[in-house]
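Participant: give me a model of this one.
(chains A and B)
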Number of protein chains: 2
Amino acid sequence: MHAASSHPHARAAIVSVGDELTLGQTLDTNSMWLSRRLTEMGIVPVEHVTVPDNLDAHARVLRDLAARSDLILCSGGLGPTADDLTRAALAQVMGDALVEDPIALAEVEAWFSSRGRHMNMLNRVQAQRPARAVIMPNLHGTAPGLFATLGERGRSCDVFCLPGPPRELMPMFEAQVAPRLRLPEGRTVRTRVLHSFGLGESELAHRLGSLMERGRMPLVGTTASGGVVSIRLRYEGHAPPAEAERALDDTERLVREAAAEYIFGRGEQRLPDVVLALLRSRGEVLGCVESCTGGGLGQLITDVPGSSVSFAGGLVTYSNELKTRLSGVPESLLAEGGPGAVSEETARAMALGGLSALKVQHCLAVTGIAGPDGARPGKPVGTVFVARASGDGEVDVRRFLMVGDRTSVRDWSCKAALAMLWQHLSGLPALKLIRQV
Amino acid sequence: MHAASSHPHARAAIVSVGDELTLGQTLDTNSMWLSRRLTEMGIVPVEHVTVPDNLDAHARVLRDLAARSDLILCSGGLGPTADDLTRAALAQVMGDALVEDPIALAEVEAWFSSRGRHMNMLNRVQAQRPARAVIMPNLHGTAPGLFATLGERGRSCDVFCLPGPPRELMPMFEAQVAPRLRLPEGRTVRTRVLHSFGLGESELAHRLGSLMERGRMPLVGTTASGGVVSIRLRYEGHAPPAEAERALDDTERLVREAAAEYIFGRGEQRLPDVVLALLRSRGEVLGCVESCTGGGLGQLITDVPGSSVSFAGGLVTYSNELKTRLSGVPESLLAEGGPGAVSEETARAMALGGLSALKVQHCLAVTGIAGPDGARPGKPVGTVFVARASGDGEVDVRRFLMVGDRTSVRDWSCKAALAMLWQHLSGLPALKLIRQV
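Facilitator: Residues are numbered from 1 along each chain as shown, chains lettered A, B, ... in the order given. Predicted coordinates for the structure are as follows:
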């Protein structure tokens, strides 16, 4: 028992810990992220389990999963408080006592002192580990991770316990877990992903046709999220890596032939990345004028590091008064009897006003009814006008009818605006986008 | 075996089915939603499990969970394709054959014909059910749900299988599952949650002291997410509901005594909700001037429906030129040798400039280095200055050193800004906030 494993990590299980998860107070995003990273490396996650802050349940799940997995990634339960029980659960399953690790203690102390704070006694418990477990340092928080090997029913299983906060978990996975993984040999897994905007998932599937058949290799599948439909290509088999890549190249070419005018990027590229790269290559700068999105478009664009090269800033004209004062929308448009704040005319005026107020080469403007209130006759919740003004005042204004809740309407509006600019900067025709009416 | 159950549904397990979940391609939101609904009803979800589209794994998990739960809610795997195996898994665990349900078949056919579409043979499989299972109609899609009772180790467990798409799952839960649930009698579950900002999780736990001991009832636990530390109170026992509520009232009072000046809300209230409500009660309006957050503060505020009553809008002054032109930051502050864009002076000037440009009673300004690039001597990545200007020009400027990646730095900056305004509007002292330096 507890002999160091040497067989590959072929099958993995993911465990998330916390009452806040089992009771539905917090959404578990770690399991998805960890599964995706494992899949990319050729390790297959075969089960996710979420347990409450309960020592026995936690220990039982570790024991069960160790019997049928090569690898367990566990997140959460490493905090300093009495309901953080991962250390104890792991110790119970290993049959080990908890010991204080002097290096871990020094690291937790250093974390506090580098921030001018004092470590209290509660945090001291974070330096504990089961006697035969190894501490993994945490550069982004106080909770060190744990690594141990469990032996059950004649086979061994490696367990990595990671802190729950994603910004601590992700770097610890990359620095401490990934290098310790033993990837399955003789099996090649290669994935690739293309991103499209403008078609619905079923319209895209229709265009892809037989490329999406289940028996095909590489497999082609689609996933939709907030308007972006991603096309996933996956090779899994015994071909050498170079051959697998060639097979993906061939499939990618066929996919692009089927939907070229909607595919804006691949891999980690999102709409703002692609739009900013196009702007940069032209030496042009973007601004935006936002009403219903309230700053969300600016935020989406500035999520991209280095966006300041091609993004100057924007106006959030949430009130009608600011629409007039900051972006020069004529009062007559907003007055009783006029087309109103949510109209083609106002979107156009916002975009043109932003073009001159911000002194930029392109301006995107968004005005709409995000809901749940605010519907008007002929303008249901979800009605959104998006305008793009460029250069010397050329304007493209489109009307959309978004679906879903407030968050969804706002999110789609931002993406639709970026997609309109992407079409323009790419020299593509102004094809009708999904939800455009 | 399979006798109709009559004991209450005290402990529940949630099962999600699908390769797209285990492989990390799709985020599972159903488990959270179902858990939250059950918790509200006094049923405790004690485990979530996610399995791939694999008949044996699915059946094994149903069997395991049936042995230790009163209730299983299963979502996904009811579609028409070859990888939808929930019907078969349930039939295997029940030891039943699959039979075609004539009513279900008529409903699936009607769903298609009402949309002018033809039902293909694939969809016919959706009318199948294990012989002793009951079909639950789906008014929002083609996949009927299933209800069955499993008997394991002398006790029975009710299983409800729901379709994966949330817009089909939610109404089916409300219409078909909720009425069939037997709520635990004589067992009372009441939860309450308070939200704090300003202390770290361990500092807060230190203040709460013995309130957080595991044996205590009501139980008190904490969860941290992006700077907000939530304090969860949970009563679970045999007291009548009114007594449970009183016990929660008492515990809430003790919690508030321990950390009053950091607790800003409870339940569904987030920082922007609380700030907007305070503004509304004072008849005052907020604006903001954003640099490193790029619009994120405005977006966070306008996430709240009806925010237009107390939020006018903002300026996104991402470039230095716009800082000067739109919010009146003196060029001397930004010029070579001056304090620079990321400084106390610039944050102050942005807030004061916004106060007058936006004609608002309060203005929040944020300027900082979100990273990964942009660090300067004495100003590492994460350095953020937040200013609040109010009324006739009273200003509070604070320096922070945020940790984590770009997203984290930006998110915390928005919350720190709102927390500063919350302190001011609540008449609290300007207590030092976590990460403030």
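
Participant: now the worst-scoring helix or strand of chain A on mean pLDDT, how far from the centre of its chain.
Facilitator: Across the helices and strands of chain A, mean pLDDT, DSSP states H and E gives its lowest value to strand A:219-225, namely a mean of 82. For strand A:219-225, the separation from the chain centroid amounts to 15 Å (computed by CA atoms, centre = their mean, to the nearest Å).

Participant: how about that strand: buried residues?
Facilitator: By 16 or more other CB atoms under 10 Å in any protein chain shown, the buried positions in strand A:219-225 come out as A:219, A:220, A:221, A:222, A:224. Where you see a C-beta, it was placed from the backbone N, CA and C, and this is true even at glycine.

Participant: among those, which ones lie close to chain B?
Facilitator: Taking CB under 8 Å from any CB of the partner chain as the test, chain B is in contact with residue A:221 out of these.

Participant: next, give phi and psi for the residue nearest to residue A:266 when sequence neighbours are not counted.
Facilitator: Of all residues not flanking residue A:266 in the chain, residue A:194 sits nearest, at 5.0 Å (CB to CB, 6 or more residues apart in numbering or on different chains). Torsion angles at residue A:194 (phi, psi; degrees, to the nearest 10) stand at phi -110, psi 150.

Participant: quickly list what residue A:194 is bridged to.
Facilitator: residue A:231, residue A:266 (DSSP bridges).

Participant: still on that earlier bit, what residues does the least confident helix or strand of chain A touch?
Facilitator: Strand A:219-225 has contacts (CB atoms under 8 Å, 6 or more residues apart in numbering or on different chains) with A:200-201, A:204-205, A:208, A:211-212, A:229-236, A:251, A:255, B:20, B:25-26.

Participant: in helices, which of those appear?
Facilitator: A:201, A:204, A:205, A:208, A:251, A:255, B:20 (DSSP state H).

Participant: check contacts around the second one.
Facilitator: It refers to residue A:204. A:196, A:222, A:229, A:231, A:259, A:262.

Participant: at 10 Å instead, please
Facilitator: A:196, A:198, A:212, A:222, A:224, A:229-231, A:255, A:258-259, A:262-263, A:434 (CB atoms under 10 Å, 6 or more residues apart in numbering or on different chains).

Participant: same thing with the fifth one?
Facilitator: Contact partners of residue A:251, counting by CB under 10 Å, 6+ apart, are A:192, A:211, A:216, A:217, A:218, A:219, A:220, A:231, A:233, A:234, A:235.

Participant: residue A:216 - nearest residue in space that isn't next to it in sequence?
Facilitator: Among residues not flanking residue A:216 along the chain, residue A:210 sits closest, at 7.5 Å (CB to CB, 6+ apart).

Participant: what's the separation between that neighbour and residue A:262?
Facilitator: Separation of residue A:210 from residue A:262 (CB to CB, to the nearest Å) stands at 19 Å.

Participant: neighbour count: those two, which is higher?
Facilitator: More crowded of residue A:210 and residue A:262, by other CB atoms under 10 Å in any protein chain shown: residue A:262, with 23 against 8.

Participant: got the phi and psi for the residue in chain A sticking out farthest from the centre?
Facilitator: If you look at how far each residue of chain A sits from its centre, by CA atoms, centre = their mean, the farthest one is residue A:337, at 43.4 Å. Per-residue torsions, residue A:337: phi 90, psi -10 (degrees, to the nearest 10).

Participant: how close does the residue lying closest to residue A:433 once chain neighbours are set aside get to residue A:272?
Facilitator: In space, residue A:433 comes closest to residue A:198 once its chain neighbours are excluded; the distance is 4.5 Å by CB to CB, 6+ apart. For residue A:198, the distance to residue A:272 (CB to CB) stands at 16 Å.

Participant: tell me which of these two has more neighbours.
Facilitator: More crowded of residue A:198 and residue A:272, by other CB under 10 Å: residue A:198, with 27 against 23.

Participant: contact partners for the more buried one?
Facilitator: Here residue A:198 is in contact with A:204, A:227-229, A:259, A:261-264, A:415-416, A:419-420, A:422-423, A:428, A:431-436 (CB under 10 Å, 6+ apart).

Participant: any of those residues buried? List them.
Facilitator: Among the contacts of residue A:198, those scoring as buried are A:204, A:227-229, A:259, A:262-264, A:415-416, A:419-420, A:422-423, A:433-436 (criterion: 16+ other CB under 10 Å).

Participant: if you look at the residues you listed, which of them are in helices?
Facilitator: Going by DSSP H, the helices hold A:204, A:259, A:415, A:416, A:419, A:420, A:422, A:423 from these.

Participant: looks like the third one contacts residue A:433 (just checking).
Facilitator: It refers to residue A:415. Yes - counting by CB atoms under 10 Å, residue A:433 is a contact partner of residue A:415 at 9.2 Å.

Participant: what touches both of those two?
Facilitator: A:197, A:198, A:227.

Participant: can I get the residues you listed in JSON lines with pLDDT and distance to residue B:374?
Facilitator: As requested, the shared contacts of residue A:415 and residue A:433 are exported to JSON lines (pLDDT from 0 to 100; distance: CB to CB, whole Å):
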{"residue": "A:197", "pLDDT": "97", "distance to residue B:374": "30"}
{"residue": "A:198", "pLDDT": "95", "distance to residue B:374": "34"}
{"residue": "A:227", "pLDDT": "85", "distance to residue B:374": "31"}
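
Participant: what number of residues lie near residue A:118?
Facilitator: Neighbours around residue A:118, by other CB under 10 Å: 10.

Participant: contacts only, for it.
Facilitator: Contact analysis of residue A:118 by CB under 10 Å, 6+ apart lists A:109, A:112, B:203.

Participant: hmm, 8 Å instead?
Facilitator: Applying CB under 8 Å, 6+ apart, the residues near residue A:118 are residue A:112.

Participant: show the pLDDT at it.
Facilitator: pLDDT recorded at residue A:118 is 82.

Participant: let me know the distance separating it from residue B:202.
Facilitator: Distance from residue A:118 to residue B:202, by CB to CB: 11 Å.
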